[in-house]
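Engineer: fold the following.
(one chain, ligands or ions: 1)
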Amino acid sequence: MTGQRPAFIPPARPIIGEAEIEAAVRVLRSGMVVQGPEVAAFEQEFGELVANRHCVAVNSGTSALQLTLLALGVGPGDEVIVPSFSFAASANAVRLVGAEPIFVDIEPGSFCLDPEAVAAAVTTRTVAIMPVHLYGHPAAMDRIMAVAQRHSLAVVEDAAQAHDASLHGTPVGAFGTAGCFSFYPTKNMHSLEGGMISTADAGLARTLRLLRNQGMEQRYANEIVGANMRMTDVAAAIGRVQLTQLGEWTEQRRANAKYLDSNITGMVTPPVADAARHVYHQYTVRVRGDRDAAQARLHESGIGNAVYYPTPIHRLKPYLDKDGQPGPWELPETERAAAEVISLPVHPSLSPDDLERIVEAANLAGGAR
Ligand SMILES: Cc1ncc(COP(=O)(O)O)c(C=O)c1O
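Structural biologist: Below is the predicted model of the structure:
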């Protein structure tokens, strides 16, 4: 072969710029490094993204989910409705508090929880619903909240992938009892590691603040049993810098997605529900032919890509029954999505040339057999 291979376009490109580095150094030099003024400011500023709900910062998105379930008193004997088509963290949080995840199917038009399937899965043991705003697309919160209200259930939004997504103008994290965000490096904004919980309930916010810090508001005056899930001030300072960029990055993601939508013909481009603002944490297409061959062709063309998620949670080892079998779940749309999806690069660092290459490769790979 002659000529140079074109540069590889990674599926995600976490941003750590000079401003993030300066913010981290400033905090390190200050000596106030754990849950201090930066965390308080980050909570305040992030609140603007979630209709000014109370915000409580923690050390990861998983901690946000786990702590919220703990604060709501969810535990052994309780059932929580979750999608199986998600990252394992969603169901892990349920198991970590000793409750049982009840897996429900997704809507093919959004990859998020199907509200009718949610309604059908409610039992006398159900205490909460956990919709996941997968890939940055808001779940059908209007219909899910109606089911929750009918049965007096808590709603814990897993918004780990969906900062600044909305439905009918209401931001995710401002619908349910609580919203849980992740600031892992590949997310739409990050704090190296970190998480945030949003809630309209001041009492719940206080309980969350106690739980993340050994049950203390005043030092050594422990009120309840708690954990250490505090965010550092270094993380918060980085998160605050990223938050100032989030709007611009999200618009760039959306513009990139629009270009891909208009030009990709060889694969099924991502659906967007009515009144949904999709923030494209992932740009996820469906491949009707041989997915392995399509992925291999994309790689050959230098286009990073990945399958989120090849194995639905109910088929992962910790969720199999005692005979090593998946439970009695009927999740046809989940199974179909897991078999068909590929996520292509959509991150804000893509150049026009990168986008053209992605389109060309996707159209070629879409025909792969
Ligand atoms: C849907 C979903 N839920 C929860 C999490 C957990 O977030 P974290 O990695 O910050 O613990 C993630 C992120 O990885 C996620 O994608």
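Engineer: and whichever residue of the chain sits closest to the ligand, how many neighbours does it have?
Structural biologist: When scored by CB to the nearest ligand atom, the chain has G61 as its residue closest to the ligand, at 2.5 Å. Backbone N, C-alpha and C define where each C-beta goes, glycine included. Counted by other CB atoms under 10 Å, the residues lying close to G61 total 27.
Engineer: likewise E248?
Structural biologist: 10.
Engineer: just to revisit the earlier point, can you check the pLDDT for the residue of the chain closest to the ligand?
Structural biologist: As predicted, G61 sits at a pLDDT of 98.
Engineer: next up, the contacts around it.
Structural biologist: A89, D158, A160, C180, F181, S182, F183, Y184, G194, G195 (CB atoms under 8 Å, 6 or more residues apart in numbering).
Engineer: I'd say the second one and I129 touch.
Structural biologist: Going back to what we said before, that points to D158. No: the pair D158 / I129 is not scored as a contact, 10.5 Å apart, by CB atoms under 8 Å.
Engineer: the more surrounded of those two?
Structural biologist: Neighbour count, other CB under 10 Å: between D158 and I129, D158 has more, with 33 against 29.
Engineer: for the closest residue in space to that one that isn't next to it in sequence, give me its contacts.
Structural biologist: Nearest residue to D158, sequence neighbours excluded (CB to CB, 6 or more residues apart in numbering): V132, at 4.2 Å. The contact partners of V132, by CB under 8 Å, 6+ apart, come to V82, P83, S86, S90, C112, L113, A139, D158, A160, Q161.
Engineer: give me the residues contacting stretch 14-31.
Structural biologist: Outside stretch 14-31, the residues touching it (CB under 8 Å, 6+ apart) are 33, 38, 185-186, 190, 233-234, 237-238, 240-242, 245, 249, 348-349.
Engineer: so what's E43 closest to, chain neighbours aside?
Structural biologist: C55 (4.2 Å).
Engineer: may I ask you to confirm that that neighbour is in contact with G195?
Structural biologist: No: contact between C55 and G195 fails when scored by CB under 8 Å: they sit 10.6 Å apart.
Engineer: so for these two, which sits in the more crowded spot?
Structural biologist: Each of C55 and G195 has its neighbours counted (other CB under 10 Å); G195 has more, 28 against 24.
Engineer: ok so, going back, which residue packs closest to the residue of the chain closest to the ligand, ignoring adjacent ones?
Structural biologist: S182 (2.7 Å).
Engineer: and the one you found, backbone torsions?
Structural biologist: The phi and psi torsions at S182 (degrees, to the nearest 10) take the values phi -120, psi 150.
Engineer: okay, now it: neighbour count?
Structural biologist: The burial count for S182: 30, using other CB under 10 Å.
Engineer: tell me who's in contact with M267.
Structural biologist: V285, R286, V287, R288, A294, I342, A362, N363, A365, G366.
Engineer: now with 7 Å, please.
Structural biologist: By CB atoms under 7 Å, 6 or more residues apart in numbering, the contact list for M267 reads V285, R286, V287, A362, G366.
Engineer: now, the contacts of G61 that are in strands?
Structural biologist: Taking DSSP state E, the ones among the contacts of G61 that sit in strands are D158, C180, F181, S182, G195.
Engineer: touching the ligand at all, stretch 337-349?
Structural biologist: No: Stretch 337-349 is not in contact with the ligand by CB under 6 Å from any ligand atom; minimum separation 11.9 Å.
Engineer: neighbouring contacts of the helix or strand Q295 falls within?
Structural biologist: Assessed by DSSP states H and E, Q295 sits inside helix 291-300. For helix 291-300, the surrounding residues in contact (CB under 7 Å, 6+ apart) are V287, N305, E340, I342, A361, L364, A365, G366, A368, R369.
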